[in-house]
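Enquirer: got a structure for you, letters missing:
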């Protein structure tokens, strides 16, 4: 590996390590959101399998909200 690439990689690793506490918080929030969505689907009458399928498909982007800010459409 050339010296420049090695240095870039070392810097990237250092940066990733520095944000681990924030990343852990993000993971916890994401897990909470996913559990809330799953529970809401179950309360709405979806089966366990249907709720898991929808959760797998949507993740935390329920209703494809992230596409609304970008002017996206259903084909994005």
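Expert: Done, it's in. Here the structure is a predicted model, which is why all the values come from computation and not from measurement.

Enquirer: which residues of the chain score low on pLDDT?
Expert: 63-64, 67-76 (pLDDT under 70).

Enquirer: what about the longest helix in it?
Expert: For the chain, the longest helix by residue count, based on DSSP state H, is helix 20-43.

Enquirer: tilt between the helix or strand immediately after that helix in the chain and helix 20-43?
Expert: Heading C-terminal from helix 20-43, the first helix or strand you meet, by DSSP states H and E, is helix 48-58. Angle between the axes of helix 48-58 and helix 20-43 is 140 degrees (criterion: axes from the mean of the first three to the mean of the last three Cα atoms, to 10 degrees).

Enquirer: ok, and for helix 48-58, which residues are buried?
Expert: 51, 55 (16 or more other Cβ atoms under 10 Å). Heads up, the C-betas are built off the backbone N, CA and C, glycines and all.

Enquirer: start the count at 79, not 1, going forward
Expert: In the new numbering, first residue 79, that becomes helix 126-136.
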